[in-house]
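S.K.: Here is my input; please provide its structure:
(chains A and B)
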Amino acid sequence: SAVISQKPSRDICQRGTSLTIQCQVDSQVTMMFWYRQQPGQSLTLIATANQGSEATYESGFVIDKFPISRPNLTFSTLTVSNMSPEDSSIYLCSVFPTGGFYGYTFGSGTRLTVV
Amino acid sequence: ELKVEQNPLFLSMQEGKNYTIYCNYSTTSDRLYWYRQDPGKSLESLFVLLSNGAVKQEGRLMASLDTKARLSTLHITAAVHDLSATYFCGGSQGNLIFGKGTKLSVKP
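M.R.: Below is the predicted model of the structure:
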């Protein structure tokens, strides 16, 4: 299965600032996703990162707040913009490798605290 | 729109006992997934269920899928403390949608 490197693993940020999270995969993958996991909650899909085109956002998430880049088939970034304490969550990158026998693979996550 | 419901949300078990976690989904799903998450960790894939009647087993965990009932189950046999974690089921229609998770605590 694919191996994902996600950075940073954690960060503490001031409100009003932005943080960019990187997701690097060791093989080319067609499908790449970003999730948010609020404390004690399940995972909520933010968007599907599309290579060469704009990301597809789920209801409740907008591009101005969570801009996503996907310059190639192995890399994506998620930016959390103009942060507030409500953005404190774990953000996870996920991919569906070609063939997908092992299902969706997840990065180790970025634990974000906004103060 | 695919929706996934899991129950129970919290489960406290004694070691050696058996129990089942249920996962219902609202509409057709390509596949059904089970994941485990330990505190402070990412998700670990447990099972991928592809078709009606699929049954997979790994150690003390067994997952099954009934596509007609839109139901998957995760059965725990003779629970041990190491199984304490949060278990998520998920359905997919191109992207993966999760249930709320079941927080399992196995006590001696």
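S.K.: Give me the three-state assignment for the residue positioned nearest the centre of chain A.
M.R.: For chain A, the residue nearest the mean C-alpha position is A:Trp34 (3.3 Å; C-alpha atoms, centre = their mean). Here A:Trp34 is strand, with the state taken from DSSP: H, G, I helix; E, B strand; the rest coil.
S.K.: so it bridges to which residues?
M.R.: A:Ala47, A:Cys93 (DSSP bridges).
S.K.: What is the neighbour count of A:Thr110?
M.R.: Residues near A:Thr110, counting by other C-beta atoms under 10 Å in any protein chain shown, number 23. (Each C-beta comes from the backbone N, C-alpha and C, glycine too.)
S.K.: correction: A:Val115
M.R.: The burial count for A:Val115: 9, using other C-beta under 10 Å.
S.K.: Okay, it and A:Ser88: tell me how far apart.
M.R.: Going from A:Val115 to A:Ser88 by C-beta to C-beta, to the nearest Å gives 9 Å.
S.K.: do B:Tyr25 as well
M.R.: 30 Å.
S.K.: got the contact list for B:Glu44?
M.R.: B:35-38 (C-beta atoms under 8 Å, 6 or more residues apart in numbering or on different chains).
S.K.: Would you convert those into JSON lines that also reports distance to chain A?
M.R.: Shown next, in JSON lines, are the contacts of B:Glu44 (distance: C-beta to the nearest C-beta, whole Å):
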{"residue": "B:Tyr35", "distance to chain A": "8"}
{"residue": "B:Arg36", "distance to chain A": "11"}
{"residue": "B:Gln37", "distance to chain A": "9"}
{"residue": "B:Asp38", "distance to chain A": "12"}
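S.K.: Filter those down to the ones in strands?
M.R.: Mapping those onto strands (DSSP state E) picks out B:35-37.
S.K.: any idea which of the residues you listed has the most stuff around it?
M.R.: B:Tyr35 (23 neighbours).
S.K.: Touching, the residue nearest to the centre of chain A and A:Phe66? I think so.
M.R.: Yes: using C-beta atoms under 8 Å, A:Trp34 makes contact with A:Phe66 at a distance of 7.4 Å.
S.K.: Mutual contacts of those two, please.
M.R.: A:46-47, A:78.
S.K.: Let's see if you can find the most crowded of those residues.
M.R.: Neighbour max across these (other C-beta under 10 Å) = A:Leu78, 25 neighbours.
S.K.: Isn't it up against A:Ile21?
M.R.: Yes: using C-beta under 8 Å, A:Leu78 makes contact with A:Ile21 at a distance of 4.8 Å.
S.K.: what touches both of the two?
M.R.: Joint contacts of A:Leu78 and A:Ile21 (C-beta under 8 Å, 6+ apart) are A:91, A:93.
S.K.: what number of residues lie near residue 12?
M.R.: Looking at chain A here, since you left the chain open. Applying other C-beta under 10 Å, I find that A:Ile12 has 11 neighbouring residues.
S.K.: wait, chain B
M.R.: 12.
S.K.: In which helix or strand does it reside?
M.R.: strand B:10-14 (DSSP states H and E).
S.K.: which residues of chain B fall in strands?
M.R.: For chain B, applying DSSP E gives strands covering B:4-7, B:10-14, B:19-25, B:32-37, B:43-49, B:55-58, B:61-66, B:71-76, B:85-92, B:96-98, B:102-107.
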